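Q: Let's see this in three dimensions:
(chains A and B)
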Amino acid sequence: DQQVKQNSPSLSVQEGRISILNCDYTNSMFDYFLWYKKYPAEGPTFLISISSIKDKNEDGRFTVFLNKSAKHLSLHIVPSQPGDSAVYFCAARETGTYKYIFGTGTRLKVLA
Amino acid sequence: NAGVMQNPRHLVRRRGQEARLRCSPMKGHSHVYWYRQLPEEGLKFMVYLQKENIIDESGMPKERFSAEFPKEGPSILRIQQVVRGDSAAYFCASSPRPSGLLETQYFGPGTRLLVL
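A: Predicted structure coming up:
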């Protein structure tokens, strides 16, 4: 049972345009959500997070939106840069636990 | 300002051997988490440890796998009598704050285990 789903395995975007990565979840007990970026042969790098009491968090070119009623999370990257090309994972944590539940990732390719 | 360190980065073992993976958390972090990533999948939680204590091992296979985080030294994930299905990337993460709060986990580069 996949509690965190990233239904788009890949996404291609032109440099300078907006990249939108989506994530859906099923567990209403998740209280903390994160996005990680991962390059090949490296560990995931933390990008941005949001708690369930907020609906938006912004950090530079990265903005995360949370729609609790739809159980949907999205990451916006604007403007997209070639260095953003990587696999992006969304993760969620259930209240009272310590483990992150990860989606399967979306491979973003930013075309120069 | 070193990040999470893991070694070895690559490990090759034959079926039946033991694999020992090491993780040194970031300076000032006393909470360690281990995750496993199979090819084309997301990371799956295995175990959460604080110094000298296993807090949550709900993701650990019941047999052959064990983890420790001693008072001194790195955290160790041990896999006994490895099988081909153990081939995966094993990631360690650490966090600074006590459990129960909204802490962010920072990941190491991973150990890629290949079982022949």
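
Q: what's in contact with stretch A:32-40?
A: Contact with stretch A:32-40 is made by A:21, A:23, A:25, A:44-52, A:62, A:64, A:66, A:73, A:75, A:84, A:86-93, A:100, A:105, B:102, B:104, B:107, as judged by C-beta atoms under 8 Å, 6 or more residues apart in numbering or on different chains. Yep, even glycine has a C-beta here, placed from its N, CA and C like the rest.

Q: typo on my end, it should be stretch B:28-41
A: A:98-100, A:102, A:104, B:4, B:23, B:25, B:43-51, B:67, B:69, B:75, B:77, B:88-99, B:103, B:105-107, B:110.

Q: which among the residues you listed end up buried?
A: Neighbour-count burial (16 or more other C-beta atoms under 10 Å in any protein chain shown) applied to the contacts of stretch B:28-41 gives A:98-100, A:102, A:104, B:4, B:23, B:25, B:43-49, B:67, B:69, B:75, B:77, B:88-95, B:103, B:105-107, B:110.

Q: residues from chain B in reach of chain A?
A: By C-beta under 8 Å from any C-beta of the partner chain, the part of chain B that sits against chain A consists of B:4, B:6, B:31, B:33, B:35, B:40-45, B:48, B:55-56, B:58-59, B:91, B:99-100, B:102, B:104-110, B:112.

Q: Show only the entries of these found in strands.
A: Judged by DSSP state E, strands contain the following of these: B:6, B:31, B:33, B:35, B:43-45, B:48, B:55-56, B:91, B:106-107, B:112.
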